[in-house]
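> pasted the sequence and its predicted model underneath.
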Amino acid sequence: MSVKPLPLTVALVAGLGLAACSSGRPDVTSLGVARALVAPKSAPAVQDPAQVAASVSEALTVLEGPLALATFEKTQNNVVLRQIETNGAYRTWTSWGSGERRSITTLNGTITATRGLRNDLMSSDVSQSLALISARQSGSANRVQRYLDGENLIVEMRASCTITRGDATRVQVGEIDRAAVQMIERCQTNDGENFSNIYNVDGSGRVLQSVQWLNDFYGVTVVQQLR
Amino acid sequence: MFRRTSNLAAVALALTWPAAAIPENLVTKQTSTYGTPSGLIDMPTAEMAPDAQLSTTIAYYDGASKTTLTFQLLPRLTGSFRYSGTDNLTPAFSTFYDRSFDLRFRVFNETTYTPAVSIGLQDFIGTGILGGEYIVATKSVGDRLRVTGGVGWGRFGSYNSFGSSGTRPGFNPMSTGGDFSSDDWFRGDYSFFGGASYDITDRLSFAAEYSSDGYDQEVAAGIFERKTPWNFGLTYKARDDVFVSAYALHGNEFGARVNLTLNPRKSAAPGGTDLAPVPVSVRAAGSANDLGWTMESQNTVAITEAINRRLDKEGLDLDGVQLSGTTAHIRIRNTTYDARSQALGRTLRVLSRTLPGSIETIRVTLVRQGMPASTLTFNRTDLERLENAPASAALAAATFSDPLSFSDYPDALPGLYPLFNWSVGPYLRTSFFDPDNPVRADVGVRAKADVDFGRGWLASASVSAKVVGNLDDIRRTSNSIIPHVRSNVAQFLKEEDPVIDRLTVAKYFRPAENIYGRVTLGYLENMYAGVSGELLWKPVDSRLALGIEANYVEPRDFDQLFGLRSRTTPGGVIPRANGHISAYYDLGNGFHTQLDVGRYLAGDWGATIALDREFANGWKVGAFMTKTDVSAAQFGEGSFDKGIRLTVPLSWALGKSTQKTTSMTLRPLTRDGGARLEVDGRLYESVRSAHQPEIAKSWGKFWR
């Protein structure tokens, strides 16, 4: 259920006496808020698959180092990700070709954190799941995902998951062309919600593709390694 | 395998999952004509609103309106403030306006077989025109039907009573009102009332009730005809947070009601839409031993420049840097992030990318109003180690201290001060509850400028000019019999020419560890000029603070320019000296209280107590009351000063970090008793926002 405080916002702006212009760094101003209120809510620009393929091959030509493609299913966003930092086994990626700094962090190709995507996933404990997945073994695991809520508090989602080894498959994306096994993770949260994740894992235990449930807003998110 | 692509930024409204999953017991967002949680029409139920829900209900039938603000103070306690107007109720007023407060407490929660039971006080501080008390039970039957039955006193015991418990002094339209009318509570006749609500669809619900309200005053005044005890209503849920109702009252009147509701704990963009922070840069193995950079002083200059540039990109201002071989101490000014944890987290990550590898201990001091307010010490190894751990681990690794306890506190960057800031923007000023016109407003333009000279010296000015409005229509002249310190506001509002709101020079200082000081001199506020001094004791990890404030003031001319006016008013001479000692305490669980004891503007002695519910995202909802040695008769209408207040962080509404908030204080009446000077830059809020207990509340944003 969404809360839409826009009419309230208008009232606030009026009541607040937000500056229309000021010195110093850009901050929220009454003009900026007014502009955002009257701006047409444009539908997301839709790129066709050929366009996505073109930007992937361009990225592979232009950029060195790890690259990936992220797809946010619910919002229909495709983003070419480029690795900008590592911390131990964690990798942080940001979108290539966009001036806006929004990032995701992965552990062996699976998302453990997001920044700047709203309702951000702040951190995850996925070591049990990842141990089974990279060993391509069935078993059960606990998973914790922590989100930032509307009150700026961390809300923990704890889930019990069953991981099963599925069919052999072949992954062909970007520069990757490898045999893999599909690992399926079925989870139930403490609140009784169900979700499932799918991972395509190669013989070395590397997750080449992950199809992960992030939250209700983003729904399923796909991350594919391109190199 | 590829999908359609679009810009990552093109995101719609977020869903609020996951939210804290506290099971809520028999709650509704619907409200009655009295604006309290209820699926019925005029009658109360045992229902509660969801915790922290805030609703505004406007109910109207021919000649009578009620506007109610209701807040779910606790999961089991509801509070309401109401402004009602009834035409031709008494000969003395063409419309009888009245303010009232309600409380409802859930005594027993609903179980599978037993109903929820609540007890309520309606209009329990006031003239008592709407006064009534009740004990009520509500039981849900399936998902759609709720059945209510109860016993009521006062208004709710005024029809078909089946018993009586003592005598009830009752409604007196000419009393000063505003005092606790505890002599009335649960006294007099009592009657049965009841009803049921049924959700026909997910959006439409139906209610029927047997009302025990005899509408005695309205019937006696000849403005209401009560044909039956039965009321019927339909409520339509236009959106998840907007309800529209139509109802039939006692076979005679049709009424309508709108209920707008929101919840401070749920925002349109949970966690905000700020861009991502830079990630932590982990040092290469062995780099911690390389002290070569300390050999050349130019290196320090280059490092400072790099920090400055990168902090600026994060919206933060570098104020000073002190580097040694293994320790860095950085001063910052944060004017961007309302969650101070976010400012600190971003600063530390920037420092991980800019400081030489040998530096292991990082100290970040938050500077407020030129004063060092707190220092966070963080080990760089912990920063590297905990980036992907739960936020609580980073909080455990963080140490907050008083900046005065460090010998390496950095000097301000050379040439940084003075800093000049200005802004121009619109303003809105409102006046509520004048019986001649309950809502009045002025709109105008306000220009502000301030100069920060460094070392705590601050000059600031605010000038405003009204463009349009009707505040100058206020015709009420003060009938106060004590010095007119606030009740002559109409004379200030008549001014059509630009006015000086404030023109002050202030010095902020740190006389000792845990102690903060302020002296402000000049035109302090629209009505008073003078000097104001304050000292605050607040250890960096303490939930308790103590303060003392002394003011010496002269009343300003009504034109609000440079002149002063005589202290003599029709109610007496305004004394020059006023001041308070204050205690502030964070009660925990989101509650905060403040007690001020001292001498008020009119020379009256007394105390103010305030209680606020505060949310980690900056929302505050609270109430305050002041009792002084001014008697109820001297005070006049309202008997003593009291009100409710609301602070809304703009970051909550917009999703973007900003320290701007909007605040509203609703006083049933503004009189001269218990009035305080308004000085800009009082110490407590700005000091505590930099201290550990407050920063820990929104620590979830440390890694955001």
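That came in fine, so what should we check first? These figures come from a predicted structure and were not determined experimentally.
> which strands and helices sit next to the helix-or-strand element of chain B with minimal mean pLDDT?
In chain B, no helix or strand scores lower on mean pLDDT, DSSP states H and E than helix B:632-635, which sits at a mean of 82. Counting contacts by 3 or more Cβ pairs under 8 Å, 6 or more residues apart in numbering or on different chains; DSSP states H and E, helix B:632-635 is packed against no other helix or strand. C-betas here are computed from N, CA, C, even on glycine.
> which residues are in contact with the helix or strand following that helix?
The helix or strand immediately downstream of helix B:632-635 is strand B:641-649, counting by DSSP states H and E. With Cβ atoms under 8 Å, 6 or more residues apart in numbering or on different chains as the test, strand B:641-649 has contacts from A:8, A:12, B:69, B:81, B:125, B:178, B:264, B:338, B:608, B:612, B:617-626, B:635, B:658, B:660-668, B:670-671, B:673-675.
> in ChimeraX, how would I select the buried members of these?
Restricted to buried positions by 16 or more other Cβ atoms under 10 Å in any protein chain shown, the ChimeraX selection for the contacts of strand B:641-649 reads:
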select /A:8,12 /B:69,81,125,178,264,338,608,612,617,618,619,620,621,622,623,624,625,626,635,658,660,661,662,666,667,668,670,671,673,674,675
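> inside strands: which ones of the contacts of strand B:641-649?
B:69, B:81, B:608, B:612, B:620-626, B:661-666 (DSSP state E).
> the residues you listed: which ones sit near chain A?
B:661-662, B:664 (Cβ under 8 Å from any Cβ of the partner chain).
> nearest to chain A: which residue in the stretch 101-250 of chain B?
Nearest to chain A in the stretch 101-250 of chain B, going by Cβ to the nearest Cβ, is B:D240, at a distance of 5.2 Å.
> tell me, how many residues neighbour that residue?
Neighbour count of B:D240, defined by other Cβ atoms under 10 Å in any protein chain shown: 12.
> touching, A:I176 and A:L226? I think so.
Yes - with contacts counted by Cβ atoms under 8 Å, A:I176 reaches A:L226, the gap being 6.8 Å.
> neighbour count for these two, which is higher?
Set side by side, A:I176 and A:L226 show more neighbours around A:L226, with 20 against 16, by other Cβ under 10 Å.
> contacting residues for that one?
Neighbours of A:L226 in contact, by Cβ under 8 Å, 6+ apart: A:56, A:59-60, A:67-69, A:80, A:173-176.
> check B:G456 too.
If you count contacts by Cβ under 8 Å, 6+ apart, B:G456 has them with B:369-371, B:507-509.
> then A:T162?
Contacts here follow Cβ under 8 Å, 6+ apart; on that basis A:T162 touches A:138-140, A:185-187.
> quick one, phi/psi of it?
Note on A:T162: backbone dihedrals following degrees, to the nearest 10 are phi -120, psi 130.
> show me what contacts the nearest residue to B:P575 once chain neighbours are set aside?
Leaving aside its sequence neighbours, B:P575 sits nearest to B:G603 (Cβ to Cβ, 6 or more residues apart in numbering or on different chains; 4.1 Å). Taking Cβ under 8 Å, 6+ apart, we find B:G603 in contact with B:483, B:574-575, B:578.
> also B:L376?
Contacts for B:L376 (Cβ under 8 Å, 6+ apart) come out as B:344, B:363-366, B:398-400.
> I'd like the residues you listed as JSON lines, with pLDDT, secondary structure and distance to chain A appended.
Output for the contacts of B:L376, formatted as JSON lines (pLDDT from 0 to 100; DSSP: H, G, I helix; E, B strand; the rest coil; distance: Cβ to the nearest Cβ, whole Å):
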{"residue": "B:L344", "pLDDT": "98", "secondary structure": "helix", "distance to chain A": "14"}
{"residue": "B:R363", "pLDDT": "98", "secondary structure": "strand", "distance to chain A": "22"}
{"residue": "B:V364", "pLDDT": "98", "secondary structure": "strand", "distance to chain A": "19"}
{"residue": "B:T365", "pLDDT": "98", "secondary structure": "strand", "distance to chain A": "20"}
{"residue": "B:L366", "pLDDT": "97", "secondary structure": "strand", "distance to chain A": "17"}
{"residue": "B:A398", "pLDDT": "97", "secondary structure": "coil", "distance to chain A": "15"}
{"residue": "B:T399", "pLDDT": "97", "secondary structure": "strand", "distance to chain A": "21"}
{"residue": "B:F400", "pLDDT": "98", "secondary structure": "strand", "distance to chain A": "18"}
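> buried subset of those?
Among the contacts of B:L376, those classed as buried by 16+ other Cβ under 10 Å are B:344, B:363-366, B:398, B:400.
> nearest to B:S462 among those residues?
The nearest member of those to B:S462, counting by Cβ to Cβ, is B:L366 at 25.0 Å.
> hmm, the closest one is touching B:T347, no?
No - look at B:L366 against B:T347 with Cβ under 8 Å: they stay out of range, at 9.3 Å.
> any common contacting residues for those two?
Residues touching both B:L366 and B:T347 (Cβ under 8 Å, 6+ apart): B:I332.
> just give me the neighbour total for the closest residue to B:R144 other than its chain neighbours.
In this structure, B:R144 finds its nearest non-sequential neighbour in B:D199, 4.2 Å apart by Cβ to Cβ, 6+ apart. Using other Cβ under 10 Å, B:D199 has 17 other residues around it.
> please apply the same query to A:D48.
If you count neighbours by other Cβ under 10 Å, A:D48 ends up with 12.
> how near is it to chain B?
Taking Cβ to the nearest Cβ, to the nearest Å as the measure, A:D48 falls 7 Å from chain B.
> what does A:A89 give?
Distance from A:A89 to chain B, by Cβ to the nearest Cβ: 9 Å.
> got a list of what that residue touches?
Here A:A89 is in contact with A:107-108 (criterion: Cβ under 8 Å, 6+ apart).
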